[in-house]
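Enquirer: Structure here, sequence nowhere to be found:
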């Protein structure tokens, strides 16, 4: 299962077709892709915090969802208007205000549905900050 | 199971203790609370869209998560620093760029864990836009 | 959203086309159906227990999954070979060794996917024992 | 994160303290354990099938849940009466009537909650049959 888009293709897609991702600054970036996976990085700011000084849940959700979407597009191309149908996320440890990386793996790539998992951590630590599983509906091609 | 905080208390809490929610404009508002539930409303803007002109997944996630958190605080008070441990969300229909309302119900309020569900719809329609279930860990009181 | 199968139709379907459900005794029974919902009942036995004397997780999962499947068939007919693609279950309270009832509601009935939620309780109590959300893939008709 | 129980300990625990698992024949067996993980195997029979000739959802749920429970006990000892609070399962491919293996990894082992994921496949294939994430509540020790 080889990706058909490069890191550059994917970052360009984010800018041109999914610019809402960058609406409050360019904090998301695709940093790796390979057979069945892709990795994104976010540089969070003050607006991504929640009470207690940790990164907010919606920020972690967005990172998992966008990375899963990018991972899927990396393998099926940028044409399809895939939509998230389900996302289940477990928040495991409180991240500090520092960059986060999310790696998504394709668990299944069917004709109508794709299922991926997402592991979020902070560089320098093996501990997971959050783990998610997501399903995408793929429109008829 | 009666709420111990009023709508005004809850909106004040959002402003004073959870101001990140309003970081890009005051779009979230508590509009109802009662035995075991609370309702919030969001007035989404352009920055809440995703490709296809629909409200983004992270926006719907944030609405479900914040409403569940507010529903919990309405019933246990604003002291506790509860944290989301799990959130499962199903995206059911594509919302248009118009207000959304989310009603959360407490399914269980234990000493250590609370479980709530969240139903998101758009005023004027009975169809659900999204449905979520969330678990919160409650610190020792 | 009216059901097109009766309680009798659904119980007959369980016996003829889904007899595995009754493999260790006829403990599952459809007891109600109506617009967008159906209710099943299980009479659990010793084999449905787990350490601590409570009903096992797999038994509650089976009750939620079978009720959701029956609710879907009640509304689309017994032809389709629908399959569960995702099920998320929260275990809320420990049930005692006594009958359980599960009511499922259709949250969305699309052409390709249906989403339902399931609430499990024990007659005589308003407290939920478990709550689940499930997605079914519907084959082309 | 080293296991403190052996494969033999774990299989003995299943027989003595969790004999319901074997109520209709000894089909479940622990076959491996190591740092942060354990693997179980099931030899399914006719009673584990569902319409379409594939292994039933409740059987796959039970395999994921029991393996996660065993993986947790392998690392904290057999004393604790841990209970599943949430389990989210994605059904990815239809398994044939042949043995299934499930490997669970600990994603987080906290004082009060543990989160694990579970990957189910059939020997001889790399494709996942199902993938689950589960949360267990650990009683005060």
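Expert: Looks like it came in fine. No experiment lies behind these values; they were computed from the predicted model shown.

Enquirer: Quick check: residues of chain A near chain B?
Expert: A:17-18, A:20, A:23-24, A:46-52, A:56-58, A:61-62, A:65, A:81, A:83-91, A:94 (CB under 8 Å from any CB of the partner chain). (C-beta placed from N, C-alpha, C; glycine too.)

Enquirer: what about burial for those residues, which qualify?
Expert: Neighbour counting over the residues of chain A next to chain B (16 or more other CB atoms under 10 Å in any protein chain shown) leaves A:18, A:20, A:48-51, A:56-58, A:61-62, A:65, A:83-91 as the buried ones.

Enquirer: So which of the residues of chain A next to chain B are in strands?
Expert: A:49, A:50, A:83, A:84, A:85, A:86, A:87, A:88, A:89, A:90, A:91 (DSSP state E).

Enquirer: Bridging across strands, which residues link to the last one?
Expert: Spelled out, it's residue A:91. residue A:130 (DSSP bridges).

Enquirer: element containing the nearest residue to residue A:29 once chain neighbours are set aside, please.
Expert: What sits nearest to residue A:29 in space, not counting adjacent residues and going by CB to CB, 6 or more residues apart in numbering or on different chains, is residue A:41, at 5.2 Å. Using DSSP states H and E, residue A:41 falls within strand A:37-42.

Enquirer: Check which helices and strands that strand sits against.
Expert: The elements that strand A:37-42 packs onto, with contact taken as 3 or more CB pairs under 8 Å, 6 or more residues apart in numbering or on different chains; DSSP states H and E, are strand A:28-34, helix A:57-76, strand A:100-109.

Enquirer: Quick check: residues of chain A near chain D?
Expert: Counting by CB under 8 Å from any CB, the residues of chain A near chain D are A:88, A:90, A:92-93, A:107-108, A:115, A:117, A:127-128, A:131, A:133, A:135.

Enquirer: quick one: which of those is nearest to chain B?
Expert: Closest approach to chain B among the residues of chain A next to chain D (CB to the nearest CB): residue A:88, at 4.2 Å.

Enquirer: pLDDT for the residues of chain A next to chain D - can I get that in TSV?
Expert: Output for the residues of chain A next to chain D, formatted as TSV (pLDDT from 0 to 100):
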residue	pLDDT
A:88	98
A:90	98
A:92	97
A:93	95
A:107	98
A:108	97
A:115	98
A:117	98
A:127	95
A:128	97
A:131	98
A:133	98
A:135	98
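
Enquirer: Please convert the buried members of these into PyMOL selection syntax.
Expert: Selection of buried members from these for PyMOL, criterion 16+ other CB under 10 Å:
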select buried, chain A and resi 88+90+92+93+107+108+115+117+128+131+133+135
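
Enquirer: where does chain A dip in pLDDT?
Expert: Residue ranges of chain A with pLDDT under 70: A:79-80, A:141.

Enquirer: before we move on, back to that, ranking the helices and strands packed on strand A:37-42 by burial, who's on top?
Expert: Counting by mean count of other CB atoms under 10 Å in any protein chain shown, helix A:57-76 has the highest mean neighbour count of these, with a mean of 25.

Enquirer: Check whether that helix comes near chain C.
Expert: No - judged by CB under 8 Å from any CB, helix A:57-76 stays clear of chain C, getting no closer than 14.4 Å.

Enquirer: what angle separates that helix from helix B:57-76?
Expert: 150 degrees (axes from the mean of the first three to the mean of the last three CA atoms, to 10 degrees).

Enquirer: gap between the strand holding residue A:41 and the chain center?
Expert: On the basis of CA atoms, centre = their mean, to the nearest Å, strand A:37-42 sits 6 Å off its chain's mean C-alpha point.

Enquirer: With stretch A:132-141 instead?
Expert: With CA atoms, centre = their mean, you get 14 Å for stretch A:132-141.

Enquirer: for that stretch, which positions count as buried?
Expert: Buried, per 16+ other CB under 10 Å, within stretch A:132-141: A:132, A:133, A:134, A:135, A:136, A:137, A:138.

Enquirer: Out of all residues in chain A, which is the farthest from the middle?
Expert: residue A:52 (24.3 Å; CA atoms, centre = their mean).
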